[in-house]
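# My questions are about this predicted structure, shown below with the sequence.
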Amino acid sequence: MKFLPLLLVASTIPLSSHAWGQTGDIVASDLAGYHRVTVRANSAKVIGANFVRTSVAVGKLESSATNTLSDNDVDFTVQLSPDVAYWVEITSGVNKGLASTVSSFTQHGLVTEDDLSAFCGPGDTYAVRPAHTIASLFGATNSAGLRAGASSATADTVEVPDGQGGLTVVYYSNTAPAGWRTTTTGTADAANVPVYHVDAINITRNASSNLKLTFTGSLRKNPTSYGILPGLNYVDVNYPLGTTLGNSTLQTQVKQGDSTTGDLVWIPNSATGYKKYYCTAAGWRLVGGNNTDRGTVALTPGIIIERRDVATNMQIPPNADIYGGL
């Protein structure tokens, strides 16, 4: 399945050939962190996990070919598991942060869903990480405390981008056999539905109390690239601090216009609902607001980008003032 955030299409982001890699003498140390979020009673909220899972393979590439990355210094059949969803990203050069799902692997090769060979080559570094899953975010038996129910009509729901512009709806069933379910796959276990680092999720709270969630993991320090389709795109910003409309660089990537013609960035407010922003040649504006520039408005961990043009790639870098020394 090609998932939305890593769709490689024509883009205004400059990309050039560089390389990936993995060798036995590469050592990576991830900075850990966490963030907390509240979903209010009887409401919905788009949120991002922000932190990613720890890398399980890092190094330098020997070569890259169509949909294949090779490293003779690592045995992927030892370091990776066939029943886990992985993604791999470039971690050096001008294309660092560009990533793809891992479709399969051999002893010394990674088969990627997207063809990255034009953007990487011998000597560039890479990292392989498992994707978050419903279980890793909320617990295999719903230890996060989402409201369980016999169906999605009564339970809290988690909507996960499906890679095709739609959403997979997941909930925790309290009827035998209890467990995570989707609205389309019956009693099949949905605990391992992947949530990739670029995907924000939408949680609908069907209870009269607030839901407090904590997400933990490793801090991302590379730019994050997104494949943006026409319509609504659920985007995990990835950086817990310091990202604003102005320093996100989105102003050079979105379709500029007015509130009816330009791309919109939806940012959840502190209670329920969203504030929507568009970009003009003069700066960021609030839909329904005045001409005050809104470039200092902070991006929340999860946002929605409403694309009013053709599919494109977008990129959000970390704030260099905060992340530059990490």
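Thanks, I have it.
# nearest spatial neighbour of S64, skipping sequence neighbours?
Take S64 and drop its neighbours on the chain: the residue closest to it by CB to CB, 6 or more residues apart in numbering is S117, 4.5 Å away. Quick note: C-beta positions are derived from backbone N, CA and C, even for glycine.
# where in the stretch 1-150 of the chain is pLDDT low?
With pLDDT under 70 as the threshold, the stretch 1-150 of the chain has low-confidence stretches at 1-29.
# which residue ranges form the helices in it?
For the stretch 1-150 of the chain, helices defined by DSSP state H, counting those that start in this stretch occupy the ranges 76-79, 134-138.
# picking that back up, now do the contacts for the residue nearest to S64.
Counting by CB atoms under 8 Å, 6 or more residues apart in numbering, S117 touches S64, A65, T66, N67, T68.
# quick one: it from H108, how far?
Going from S117 to H108 by CB to CB, to the nearest Å gives 16 Å.
# Tell me the spacing between the residue nearest the centre of the chain and G227.
Among the residues of the chain, the one closest to the centroid is V198, at 1.3 Å (CA atoms, centre = their mean). Using CB to CB, V198 is found at 8 Å from G227.
# quick one: the residue nearest to S64 from Y86, how far?
From S117 to Y86 the distance is 18 Å (CB to CB).
# residue contacts, D30?
Counting by CB under 8 Å, 6+ apart, D30 touches T54, S55, S218, L219.
# Same check on A57?
Contacts of A57 (CB under 8 Å, 6+ apart): Q22, V74, F76, Q79, L80, A127, V128.
# Settle this for me: the fourth one is touching G59, isn't it.
This points to Q79. No: Q79 lies out of contact with G59 (CB atoms under 8 Å); the separation is 10.3 Å.
# which ones are touching A135?
Residues near A135 by CB under 8 Å, 6+ apart: W180, A191, N192.
# What are the buried residues along stretch 276-285?
For stretch 276-285, the buried set under the neighbour-count rule, 16 or more other CB atoms under 10 Å, comprises K276, Y277, Y278, C279, W284, R285.
# any idea how far H197 is from S104?
20 Å.
# What of K45?
19 Å.
# repeat for G262
From G262 to H197 the distance is 27 Å (CB to CB).
# And P268, by the same measure?
Look at P268 and H197: by CB to CB, they are 19 Å apart.
# Same drill for the two, tell me which one is more crowded.
Taking other CB atoms under 10 Å, P268 and H197 do not tie; H197 has more neighbours (23 against 20).
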